[in-house]
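J.: Next come a sequence and a model predicted from it.
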Amino acid sequence: MGEKIMVKGTEAIGEAAIRAGCRVYFGYPITPQSELTEYMSRRMEEVGGVFLQAESEVATVNMMYGASSVGARVMTSTSSPGFSLMQEGISYMANAQLPGVFVDVVRGGPGLGDIQPSQGDYFQIVKGGGHGDYRLPVYSPSSLQEAVELTIHAFDVADKYRTPVVIFADGMMGQMMEPVEFPDPIDPGSLPEKDWALTGAKGRNARYVTSFDIDPYKLEKMNKNLQEKYKKITEEEQKWEEFMTDDMEVLFVAHGTVGRIVKSTVKMARDKGIKAGLFRPISLFPFPYQRLSELADKVDIVMTVEMSAGQMLEDVKLAVLGKARTPFYGRLAGVIPTPGEILEALMKELGR
Amino acid sequence: MEHKLIAAGFGGQGVMLLGQLVATAGMIDGKHVTWLPSYGPEMRGGTANCTVVVSDEPVASPVVDTPNEIVIFNIPSLLKFEPTLDKDGILVMNTSMIDREPSRKDIKVIKVPANDVADKLGVLKAQNMVMLGAYIEATKAVSFESVIKALEKKMTGKKAKFLDVNKKAIEEGMKIAREQLG
């Protein structure tokens, strides 16, 4: 680890990718993540990697498919409308079992929306915006240090399970600055060889990467393999943080930047004598249902806060299963909730 | 102790840089810090602002609804942020740009003719450094030494020649605040 430096979120994620051994980046500018594309244009040249600004997000995702097929650690970053354009290719990558890291710096929507922070793409990112029975591991960082760690982790998970992985950031995470300590860089040459990658079949049996089979029985088998993989990911890759949950009377659930804002609300509530706690899912798929369910046993209110109309709320309800009330507070379209207004919403819920 | 600062003015007045220097200086001081810009359509002629938190503990929310310190560069920002300032909070205002009095009586006000001071130093653009100096003197949020170190990190290459005048501007701002604090 080096010294602490102040960086923007977009730069923190870009540098983390470089340190994770990523040497191939494809992108197309879109606010509020263009600084990440810009950062990669500079850094990839310094480290002897490939930076390519594609003609569109549709092209970007298909470049990801190609570069991943030959075994490279690949990344792209975009923001909401751009991520929508990538969905077809992501679905293809999922079935072709191609690793790759997608950074979605989510902004206000729907449609062209605005360029402010939002979490309104939870359904799209976590439940799958493309076609077919696939899932993507999704990580939602709430600090820049965590964004660095999760970006590096995302590359490992992508390679380990041969799957695209998403970093779910938002405009706030992208634009804010915070001190960050980067780990020492990994030498891309030291990464294990991928025994499925299309590296030229001279002297060995041919390999084969595809998302297609005309025979439904064979395609069903491919699907079952995917489902096996998702089961394993669900068992092994859950991540979350608990904050002041030991003696809590009410529980907040929030992810990403909102998870961080709610920490202040928890402290404010405790100053008023209300023992609040926070459960912050870090992996959104796999969602930590089991642990949240255990915590729900201890309280009467599990309040979800999001920058959306209530999307993660559905997963919270699946975890709580009616054991506690599940009120919701959300802001839409790029409006960031403040700690004070979240506390007000809680007080209302408590009838105080 | 948690310093929750909002710095606000027109785009181009150096508001964002002021905030970044406070945050970086705080980091050098060994504190936990965040810097959050307001960005987007506000950049075109309207008010630009940033929120900085400097804290002994890890910073929870980088979003602040009740700042305890505000540094204000123009009238629209005064109207927007003076009502949000915490009781007994500190307002540092650029009186070269703001020809009116604040309305609150329950806050501490530091009046800084920042443009005039910077103009006398020969670099009008350093008015944000005058404001920065007044801010660190009035709040003790970060140390002068760390601000200078942060400035040195920021002003490299062609900008390095402005280091001295910026340092001078910060010192002038500190002096003005010191006089008013009594």
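T.: Nice, thanks for sending it over.
J.: what comes into contact with the biggest helix by length in chain B?
T.: Assignment by DSSP state H gives helix B:163-181 as the longest helix of chain B. Residues outside helix B:163-181 that contact it (CB atoms under 8 Å, 6 or more residues apart in numbering or on different chains): B:92, B:110-114, B:117-118, B:121-123, B:126-127, B:129-138, B:144, B:147-148, B:151-152, B:155. For glycine as for every other residue, the C-beta is placed from the backbone atoms N, C-alpha and C.
J.: Of those residues, which belong to strands?
T.: B:Val92, B:Ile110, B:Lys111, B:Val112 (DSSP state E).
J.: of all the residues you listed, which comes closest to chain A?
T.: Of all the ones in strands among the contacts of helix B:163-181, chain A sits closest to B:Val92, with 21.3 Å by CB to the nearest CB.
J.: What is the neighbour count of residue 57?
T.: No chain specified, so I'll use chain A. 23 (other CB atoms under 10 Å in any protein chain shown).
J.: please go with chain B instead
T.: By other CB under 10 Å, neighbour count at B:Glu57 equals 10.
J.: Going by contacts, tell me the helices and strands next to the worst-scoring helix or strand of chain A on mean pLDDT.
T.: Across the helices and strands of chain A, mean pLDDT, DSSP states H and E gives its lowest value to helix A:171-175, namely a mean of 91. Where contact means 3 or more CB pairs under 8 Å, 6 or more residues apart in numbering or on different chains; DSSP states H and E, helix A:171-175 is packed against helix A:9-19, strand A:100-106, helix A:256-271, strand B:32-37.
J.: Single out the most deeply packed of those.
T.: Highest mean neighbour count of these: strand A:100-106, a mean of 29 (counted as mean count of other CB atoms under 10 Å in any protein chain shown).
J.: so what strands line up beside that strand?
T.: In the sheet, strand A:100-106 lines up against strand A:74-78 (parallel), strand A:164-170 (parallel) (DSSP bridges).
J.: Could you tell me how far it lies from the centre of the chain?
T.: 7 Å (CA atoms, centre = their mean, to the nearest Å).
J.: B:Pro76 is in contact with B:Thr47, correct?
T.: Yes. Between B:Thr47 and B:Pro76 there is a contact under CB atoms under 8 Å: 5.1 Å.
J.: Counting neighbours, go ahead and name the busier of the two.
T.: More neighbours surround B:Thr47 than the other of B:Thr47 and B:Pro76, with 23 against 15 (other CB under 10 Å).
J.: Contacts only, for that one.
T.: B:Thr47 touches B:Ala8, B:Gly9, B:Phe10, B:Asn74, B:Pro76, B:Ser77, B:Lys80, counting by CB under 8 Å, 6+ apart.
J.: picking that back up, JSON lines for the strands paired with strand A:100-106, including mean pLDDT, mean neighbour count and distance to B:Ala160?
T.: Converted to JSON lines, those look like this (pLDDT from 0 to 100; neighbours: other CB atoms under 10 Å in any protein chain shown; distance: least, CB to CB, whole Å):
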{"stretch": "strand A:74-78", "mean pLDDT": "98", "mean neighbour count": "29", "distance to B:Ala160": "33"}
{"stretch": "strand A:164-170", "mean pLDDT": "97", "mean neighbour count": "28", "distance to B:Ala160": "34"}
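J.: so where do the helices sit in the chain?
T.: Using chain A here. Using DSSP H, helices in chain A cover A:9-19, A:34-46, A:57-69, A:80-85, A:87-96, A:122-127, A:144-161, A:171-175, A:216-236, A:256-271, A:289-296, A:312-320, A:339-350.
J.: Chain B is the one I meant
T.: Counting by DSSP H, chain B has helices at residues B:15-28, B:75-81, B:114-121, B:127-139, B:144-154, B:163-181.
J.: okay, the ones you listed, which one's buried deepest?
T.: helix B:127-139 (a mean of 28).
J.: Report all helices and strands that that helix contacts.
T.: strand B:2-10, helix B:15-28, strand B:69-72, strand B:90-94, strand B:108-112, helix B:114-121, helix B:144-154, helix B:163-181.
J.: Let me have the ones you listed in TSV, extended by mean pLDDT.
T.: Listed next are these as TSV, based on pLDDT from 0 to 100:
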stretch	mean pLDDT
strand B:2-10	96
helix B:15-28	97
strand B:69-72	98
strand B:90-94	98
strand B:108-112	98
helix B:114-121	96
helix B:144-154	96
helix B:163-181	96
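J.: among the helices of chain A, where is the model least confident on average?
T.: Ranked by mean pLDDT, the helices of chain A end with helix A:171-175 at the bottom, a mean of 91.
J.: ok, back up a step: so which two of the contacts of B:Thr47 are the farthest from each other?
T.: B:Phe10 and B:Lys80 (12.4 Å; CB to CB).
J.: picking up where we left off before, reformat the helices of chain B as JSON lines; add distance to A:Asp159.
T.: Compiled in JSON lines, these are given as follows (distance: least, CB to CB, whole Å):
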{"stretch": "helix B:15-28", "distance to A:Asp159": "33"}
{"stretch": "helix B:75-81", "distance to A:Asp159": "48"}
{"stretch": "helix B:114-121", "distance to A:Asp159": "54"}
{"stretch": "helix B:127-139", "distance to A:Asp159": "46"}
{"stretch": "helix B:144-154", "distance to A:Asp159": "36"}
{"stretch": "helix B:163-181", "distance to A:Asp159": "46"}
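J.: Which one of those lies nearest to A:Arg107?
T.: helix B:15-28 (20.0 Å).
J.: Show me the contact partners of the closest one.
T.: Against helix B:15-28 from outside (CB under 8 Å, 6+ apart): A:4, A:6, A:177, A:179, B:3, B:5, B:7-9, B:32-35, B:37, B:48-52, B:54, B:71, B:73, B:128-129, B:131-132, B:135-136, B:141-143, B:146-147, B:149-151, B:153-154.
J.: who touches B:Lys80 in this structure?
T.: B:Ala8, B:Thr47.
J.: That one and chain A: what is the separation?
T.: The gap separating B:Lys80 from chain A is 15 Å, by CB to the nearest CB, to the nearest Å.
J.: separation between B:Met16 and A:Met307?
T.: 23 Å (CB to CB, to the nearest Å).
J.: Next: B:Tyr135.
T.: 31 Å.
J.: Pull up the residues of chain B that are close to chain A.
T.: B:20, B:23-24, B:27, B:32-37, B:39-40, B:59-66 (CB under 8 Å from any CB of the partner chain).
J.: quick one on the thing from earlier: and of the helices of chain A, who's closest to A:Asp133?
T.: Closest of the helices of chain A to A:Asp133 is helix A:216-236, at 5.8 Å (criterion: CB to CB).
J.: Mind listing residues that contact that closest one?
T.: So helix A:216-236 is contacted by A:94-95, A:97, A:133-135, A:137, A:157, A:161-163, A:212-213, A:285-286 (CB under 8 Å, 6+ apart).
J.: Could you check the angle that helix makes with helix A:144-161?
T.: For helix A:216-236 against helix A:144-161, the angle by axes from the mean of the first three to the mean of the last three CA atoms, to 10 degrees is 140 degrees.
J.: between helix A:216-236 and helix A:87-96, how many degrees?
T.: Put simply, helix A:216-236 runs at 90 degrees to helix A:87-96, going by the same axes, to 10 degrees.
J.: In helix A:216-236, which of the residues would be classed as buried?
T.: A:Met222, A:Asn223, A:Leu226, A:Lys229, A:Tyr230, A:Ile233, A:Thr234 (16 or more other CB atoms under 10 Å in any protein chain shown).
J.: Which one of the ones in strands among the contacts of helix B:163-181 sits in the busiest neighbourhood?
T.: Most neighbours among those, by other CB under 10 Å: B:Val92, with 30 neighbours.
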